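*Asks:* Prediction below, plus the sequence it came from.
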Amino acid sequence: MPQLRKTDWILFFTIVSMVVFGLAIVTSASSVMAELKFKSSWYFVIRQGAWAVVSFAVLVWFKNTNYRRFFAPVWAFAPLGIVMAMLVFVYFADPRRHRWIAIGSFGNLQPAEFAKPALIIFLAYFITVRLRAINHMRTLGPALLACGVLALTVVIADLGTCLLYTSDAADE
């Protein structure tokens with residue numbers, strides 16, 4: 001008999017409370033600027049709330065999806081490839097502002113931010129595949145190579161984000 005999916009309600013309400021707290025902080029930090037620039041003090045809160053709703057919809061979809069379906073090399077390598085392609089595109093598309101992609105009225109997109117989940121997904125897959133030989137040099141070398149290439153690609157586009165990645169890795 002298949003096991004029923006259970007919800008960790010403590011974790012769920014912790015996430016909900018953190019999102020609500022984040023919306024309160026966004027309101028506090030940006031209401032004056034939003035009023036001056038967009039004639040609505042709720043401009044940034046509404047945008048952040050809309051993204052929160054989209055995020056919860058994605059969360060519910062992932063909760064109802066079998067996670068074993070994502071254990072394939074394409075799910076590990078595709079995010080890295082997409083991030084690297086976006087970073088190269090951003091670097092050459094606008095040499096003056098090579099950190100952001102302008103998406104019309106939608107806003108700006110910083111590809112370096114997508115490197116964080118891409119690296120986490122890749123390393124989770126890689127470590128799972130190489131679990132039996134985790135302390136072997138043949139495991140450490142490719143993992144460091146992937147981190148190094150991604151960090152180098154990010155440092156070209158955004159030094160601050162690259163320093164954040166490397167300092168987080170050095171702390172652990």
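*Replies:* All right, it came through fine.
*Asks:* Checking the spatially most central residue of the chain next. Helix, strand or coil?
*Replies:* The centroid of the chain falls nearest to residue 117 when counting by CA atoms, centre = their mean (3.9 Å). Here residue 117 is recorded as helix under DSSP: H, G, I helix; E, B strand; the rest coil.
*Asks:* which residues touch it?
*Replies:* By CB atoms under 8 Å, 6 or more residues apart in numbering, the contact set of residue 117 is residue 79. C-beta here means a position set from N, CA and C on the backbone, and glycine is covered the same way.
*Asks:* Look up how far residue 35 lies from it.
*Replies:* Remark: distance between residue 117 and residue 35 (CB to CB, to the nearest Å) = 33 Å.
*Asks:* list the helices and strands the longest helix along the chain packs on?
*Replies:* Using DSSP state H to define each element, the chain has its longest helix at helix 9-38. Helices and strands touching helix 9-38, by 3 or more CB pairs under 8 Å, 6 or more residues apart in numbering; DSSP states H and E, are helix 43-63.
*Asks:* from the chain's centre, how far out does the helix it packs on sit?
*Replies:* Distance, stretch centre to chain centre, for helix 43-63: 14 Å (CA atoms, centre = their mean, to the nearest Å).
*Asks:* and that helix with helix 9-38, angle?
*Replies:* If you take axes from the mean of the first three to the mean of the last three CA atoms, to 10 degrees, helix 43-63 sits at 150 degrees to helix 9-38.
*Asks:* which other residues reach helix 43-63?
*Replies:* Residues outside helix 43-63 that contact it (CB under 8 Å, 6+ apart): 5, 7, 15, 19, 22-23, 26-27, 30-31, 34, 37, 40.
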